[in-house]
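K.L.:
Build me a model from this:
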Amino acid sequence: MTTIPGTRTELVQTRGLRFEVTMAGGSGPGDKLALLLHGFPECAYSWREQIPLLAKLGYRVWAPNLRGYGKSDRPLAVSDYTIDKLEQDVADLIEASGAKSVVLVGHDWGGLIAWSFAMYNPGKLERLVILNVPHPARLQRGLRTWKQLRKSWYMMFFQIRGLPERVLSLRDFMVVGRAFREMAVHKDRFTDDVLEVFKRNAAEPGALSAMLNYYRARPHAFGLAKKRGMPKIETKTLMIWGEQDSALGRELTYGTEHHVSDLTLRYIADASHWVQQDRPDAVNAMLSAFLSEQPVPEATAL
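P.N.:
Have a look, this model is predicted:
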C-alpha cells in the first residue's frame, strides 16, 4: 500500500476509542499539534501533501482515521456517530497527545467536526482551518434551497439501510474510486495507486456501514444544534474553498463571517471538493502563510 514518506502509523488508545493515526514530526508532549480530520469516503492518506509541510513548520502532526475508518475502532450503532461523539473524539485525541497548542484542520466531514468542536470548546484551539465544508449554520440554510438539495441527493440515498453499501462495493469498490477522479479537476493527482488506498480503506469489514452512519446520524445534529445554539467562533480561522465542488456550492460560504470573529476566506478556482489533493501547492502556500502569521495569498497569486 502507498505510504507517506517521513510518517509512521500508530494505534492510539484514548479514553474512548482506539485510533489508527498517521504521524510525523516531534514525538514529545507539550509541543504544537496539528490534528487533521479527513472526510468521506477518505482516510488519513488524503493529507499526504500537507503532513510533510506541517512537520516542516514545526508541528507534531496527527492524521487519524476517524472512528469507523481503517483500523480505528468501529462502533456498530448509528447512534455511535452523532456529532457530539465525534467532537469528543477530537477532545480525546488532543488529551492523548499531551499537546498544549493545537491547530485543528478539517475537510468535508472532518470539517463539520472541526466547526462543531471550535464552537463548543472555546479556548481549546490556537487556529482552525476548514476545507470545502460550510459552517453548520450555512449548511442548514443551504439545505432548504432546491439548488443545494439537488446537489445533496446522495445524503438522502445514504439514509437507506444496506443499499448504499451494495452500490459502493460493486466491482471492487469502483464507485469509491470514481468519486475522486470524476469530481477532480486535476485528475493526474488521483492515480490508480492513490485510488487503491481509498478503495482498500472502504473494503475493511464493516467500514462502509460505519462511514455511511455519519450521514445516518446527521438528523440528530440539527436537533442538538437547536438545543445548544451556535455560538460565534473566536478562534482565528482560515477557510479554503475549491470552487469546482460539485457537491457543495460556493454560495454556502457566503455569510460565514457572521459566525466567525476572525475569518480569512480563500477560493481556488481550479480545485474540486478534494481541494487539498487537487491543488496541494495552493493549499500548502495558504496554510504556511496562515500558520506563520503572514498574509494569506489569493490563489491567483500562486
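K.L.:
wait, what's in contact with the spatially closest residue to Ile240 that is not a sequence neighbour?
P.N.:
Closest residue to Ile240 apart from its sequence neighbours, by Cβ to Cβ, 6 or more residues apart in numbering: Leu131 at 4.9 Å. Bear in mind the C-beta positions are built from the backbone N, C-alpha and C, glycine included. Contacts for Leu131 were tallied using Cβ atoms under 8 Å, 6 or more residues apart in numbering; they are Val105, Gly106, His107, Asp108, Gly111, Met239, Ile240, Trp241, Gly242, Val275, Gln276, Val283.
K.L.:
cool, and Met23?
P.N.:
Taking Cβ under 8 Å, 6+ apart, one finds Thr7, Arg8, Thr9, Glu10, Arg60, Val61, Trp62, Ala63 in contact with Met23.
K.L.:
And the buried ones among those residues, selectable in PyMOL?
P.N.:
With 16 or more other Cβ atoms under 10 Å as the criterion, this PyMOL line picks the buried residues out of the contacts of Met23:
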select buried, resi 7+60+61+62+63
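K.L.:
Show me which of the contacts of Met23 is closest to Val90.
P.N.:
Nearest to Val90, judged by Cβ to Cβ, of the contacts of Met23 is Trp62 at 10.7 Å.
K.L.:
Show me what counts as buried in stretch 294-302.
P.N.:
Val296, Ala299.
K.L.:
Alpha carbons of it, as PDB, please.
P.N.:
The C-alpha atoms that make up stretch 294-302 are tabulated as PDB, following Å, rounded to 0.1, in the frame of the first residue of the first chain:
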ATOM      1  CA  GLN A 294       1.900  36.100   7.100                       C
ATOM      2  CA  PRO A 295      -0.800  37.500   4.800                       C
ATOM      3  CA  VAL A 296      -2.600  34.500   3.200                       C
ATOM      4  CA  PRO A 297      -2.200  34.700  -0.600                       C
ATOM      5  CA  GLU A 298      -5.000  34.600  -3.100                       C
ATOM      6  CA  ALA A 299      -4.900  31.600  -5.400                       C
ATOM      7  CA  THR A 300      -4.400  33.800  -8.400                       C
ATOM      8  CA  ALA A 301      -1.100  35.000  -6.900                       C
ATOM      9  CA  LEU A 302       0.300  31.400  -6.700                       C
END
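K.L.:
So what's the gap between it and the chain middle?
P.N.:
Taking the mean of its C-alpha atoms, stretch 294-302 sits 22 Å from the chain's own mean (Cα atoms, centre = their mean, to the nearest Å).
K.L.:
again, but for stretch 280-291
P.N.:
16 Å.
K.L.:
Go ahead and name everything in contact with stretch 69-86.
P.N.:
11, 17-20, 38, 43-44, 64-68, 112-113, 116, 201, 204, 206-207, 210-211, 213-214, 216-218, 220-221, 224.
K.L.:
Thanks again, I'm all set now.
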